[in-house]
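Asker: Fold the following for me, if possible:
(one chain, ligands or ions: 2)
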Amino acid sequence: MIYLKTAEEIELMQDAATLVSRTLGEIAKWVAPGVTTLRLDTIAREFIQDNGGKPACLGYGGFPATVCMEVNETVVHGFPGNYTLRDGDIIGTDTVVELNGFCGDMCYTFPVGDVDPAVMQLLRDTKESLAVGIAAAREGARVGDISNAVQTFVERRGYSVVREMCGHGIGRKMHESPEVPNYGRRGIGPLLKAGMCICIEPMVNLGSRNIVIERDGWTCRTKDRKPSAHYEHTIAIRHEGPRVLTTFDYVRQALGDRFI
Ligand code: MF3
Ligand code: CO
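Answerer: Ligands and ions are numbered 1, 2, ... in the order given. Next comes the predicted model:
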């Protein structure tokens with residue numbers, strides 16, 4: 001069942017999306033060599049709570065933290081802990097905020113200090129693949145059009161796209177129908193209608209697309225241990241076109257000329 005949101009509900013979604021965007025802007029201020037992932041998680045949790053939101057990942061299916069930490073080969077769902085960021089790492093931070101009964105979901109992958117040029121390019125290209133996916137999310141198109149746009153963009157550049165994890169519908173719950181895969185054929189899948197709210201979140205690997213789940217049951221990493229990048233926006237389908245509810249503007253403000 002796909003829930004179409006009214007204009008009023010989309011404004012509530014906007015508030016949740018703005019708070020999650022501001023939360024990643026807070027994290028951005030602290031990402032640097034020497035900082036632990038647990039510190040970043042605490043900063044995010046306190047910021048969300050101080051602003052009247054609920055950290056929706058905390059306790060979700062037993063997930064033990066506010067933010068999923070995706071260091072280097074970690075694709076998604078890594079736990080915060082005592083790992084200390086090092087020069088040359090990349091770290092994806094993915095979190096969901098609930099505010100006024102609606103959810104906003106966003107992910108941003110940061111370079112830490114001086115990062116290998118090929119990995120920097122992976123970050124830029126993954127971010128651009130998200131923009132390409134969003135551009136395909138028009139009323140009257142199908143989910144497969146988004147999937148195909150992302151996959152085609154990514155694979156033309158020589159990367160691979162993770163298949164086991166998908167984007168998703170979002171609203172009162174963080175995961176609603178439909179699934180939004182990052183690979184697939186044009187013209188297939190659910191029809192996109194005005195009022196649908198979805199998350200598009202390409203997970204792009206420098207090496208092969210294969211993943212493994214660690215023994216903690218959550219942490220998903222690349223099988224070949226090469227880096228993986230991940231960006232995510234929450235969007236609403238409108239008659240006028242896709243409306244991106246989350247924004248990287250707060251991250252941009254925090255990073256200044258280090259923003260990529
Ligand atoms: N953006 C992630 C997702 O859509 C957030 C969920 S993390 C979880 O899967 F820990 F809550 F599962
Ligand atoms: Co998501």
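
Asker: Tell me the secondary structure at the nearest residue to residue 64 once chain neighbours are set aside.
Answerer: Excluding the flanking residues, the one nearest residue 64 by CB to CB, 6 or more residues apart in numbering is residue 79, at 6.2 Å. Heads up, the C-betas are built off the backbone N, CA and C, glycines and all. Three-state assignment for residue 79 (DSSP: H, G, I helix; E, B strand; the rest coil): coil.

Asker: per-residue pLDDT, residue 79?
Answerer: pLDDT for residue 79: 98.

Asker: ok, now residue 22?
Answerer: According to the prediction, residue 22 has pLDDT 99.

Asker: Flag every buried residue along the helix or strand hosting it.
Answerer: If you go by DSSP states H and E, residue 22 is part of helix 7-30. By 16 or more other CB atoms under 10 Å, the buried positions in helix 7-30 come out as 9-10, 12-28.

Asker: Confirm that residue 42 sits in a helix.
Answerer: Yes - assigned with three-state DSSP, residue 42 falls within a helix.

Asker: Roughly how far does it sit from ligand 1?
Answerer: Separation of residue 42 from ligand 1 (CB to the nearest ligand atom, to the nearest Å): 16 Å.

Asker: How about residue 221?
Answerer: Residue 221 sits 15 Å away from ligand 1, going by CB to the nearest ligand atom.

Asker: Same question for residue 17.
Answerer: Counting by CB to the nearest ligand atom, the separation of residue 17 from ligand 1 is 13 Å.

Asker: Contact partners for that residue?
Answerer: Neighbour list for residue 17: 104, 106, 234, 245-247 [criterion: CB atoms under 8 Å, 6 or more residues apart in numbering].

Asker: Find me the pLDDT at the residue in the stretch 101-250 of the chain that ligand 1 sits nearest to, would you?
Answerer: Ligand 1 sits closest to residue 105 of the stretch 101-250 of the chain, with a gap of 4.8 Å, by CB to the nearest ligand atom. Looking at residue 105, its pLDDT is 99.
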